[in-house]
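1. Next input, structure requested:
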Amino acid sequence: MDEYLIRQIAALAAAFIAAYLAWRFTRSIRIERGAAARVSSMVNTDQRSAFDQYGERYIKTRPATLADNLRLAQLSGKYIGWTVGGVIARSVVYGGIALIYLLLTQPGPVFWLIAALAAYFPIMRVNGAADDARRMIQRSLPEAATVLASEMAAGASPEQALMRASQVPGPLGAILKQAVNETRRSARPAFSRGTAQGVVLESLASYNYNLPSLTRFAIQLDRVAEKGVEAPRVIGEVARGFAREYRAQVQQAAASLDNQLLLPMTLFFFFPFMVAMLLPLMLALFSAF
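-> Model prediction:
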């Protein structure tokens with residue numbers, strides 16, 4: 001690799017770093033108007049810095065691994081039969097094909113990023129499907145709680161209501177169905193009794209990465225199962241609580257919509273514009289030495 005190519009790569013890397021720093025600065029700017037600003041100020045009361053927020057989130061929730069995301073993606077019916085090794089093998093193959101093509105064509109330095117993007121593409125697909133599954137589970141929690149409340153109000157036991165809730169379509173129904181099947185197979189109680197952990201809590205807690213509401217839902221079900229004749233009333237309160245929580249999340253998402261649109265606008269417009277402006281300057285700077 002000659003000295004000129006090394007300078008080009010260094011200038012490109014410096015331009016990307018400068019553009020990334022500029023993007024991080026612009027991301028901290030809140031673009032809100034009118035009612036959106038008032039709703040956001042009422043809903044979002046966390047005034048901590050980004051370092052504190054991300055650090056606390058990392059400590060309190062276990063980061064999801066590729067295996068965790070693949071399990072969630074398969075719950076929604078995607079990538080059935082895939083394994084973690086298969087995803088990594090696909091990444092190696094895709095990245096290798098892109099690298100061979102780049103070695104044969106010898107394009108400009110910026111095109112060498114295609115190899116990294118090609119290698120990350122299978123992992124990106126799995127992570128995207130897992131994020132969709134998390135949103136579906138969060139959206140299905142009030143529906144499942146309502147089904148449980150209606151079944152118990154009709155006189156069904158908590159176990160019978162759980163079987164009915166497991167028929168809710170989507171990833172949450174698949175998780176509850178796994179809990180019902182495990183209860184039948186192992187003859188263990190579905191709900192916790194004393195110090196003995198129930199199958200429902202165990203099953204839902206195994207999918208709790210980046211989704212703590214699942215464990216809260218299972219704990220509420222254990223609490224309802226202990227109430228006896230008061231179970232229909234308690235599960236009704238639980239259903240209303242999850243419905244209020246989901247509505248609050250929807251309102252918060254609507255209030256922060258302007259800030260969410262800032263990322264794609266930055267990636268597709270501002271970031272390439274900054275690189276196009278800074279790259280000639282960096283090339284001239286490195287060529288001066």
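2. Low-confidence stretches in this protein?
-> Under the criterion of pLDDT under 70, the regions of the chain flagged as low confidence span 1-6, 23-63, 110, 257-260, 262-263, 266-267, 270-271, 286, 288-289.
3. quick check: longest helix of it.
-> Ranked by number of residues, the top helix in the chain under DSSP state H is helix 113-153.
4. Can you give the distance of that helix from its chain's centre?
-> Distance, stretch centre to chain centre, for helix 113-153: 7 Å (Cα atoms, centre = their mean, to the nearest Å).
5. Now do the helix or strand harbouring residue 237: distance to the chain's middle.
-> Per DSSP states H and E, residue 237 falls inside helix 231-255. For helix 231-255, the distance between its averaged C-alpha position and the chain's averaged C-alpha position is 20 Å (Cα atoms, centre = their mean).
6. now swap in stretch 105-120 and tell me
-> Averaging C-alpha positions (Cα atoms, centre = their mean) puts stretch 105-120 27 Å from its chain's average.
7. For my notes, confirm residue 64 occurs in a helix.
-> No. Secondary structure assignment places residue 64 outside any helix; it is coil (DSSP: H, G, I helix; E, B strand; the rest coil).
8. give the contact list for it.
-> 130, 209-210 (Cβ atoms under 8 Å, 6 or more residues apart in numbering). Where you see a C-beta, it was placed from the backbone N, CA and C, and this is true even at glycine.
9. Name the nearest residue to residue 164, ignoring sequence neighbours.
-> Here the nearest residue to residue 164 in space, its sequence neighbours aside, is residue 151; by Cβ to Cβ, 6 or more residues apart in numbering that works out to 5.0 Å.
10. circling back: let's have the contacts of residue 64 in CSV, adding distance to residue 141 and neighbour count.
-> As requested, the contacts of residue 64 are arranged in CSV below (distance: Cβ to Cβ, whole Å; neighbours: other Cβ atoms under 10 Å):
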residue, distance to residue 141, neighbour count
130, 17, 27
209, 16, 20
210, 15, 16
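11. No further queries at this time; thank you.
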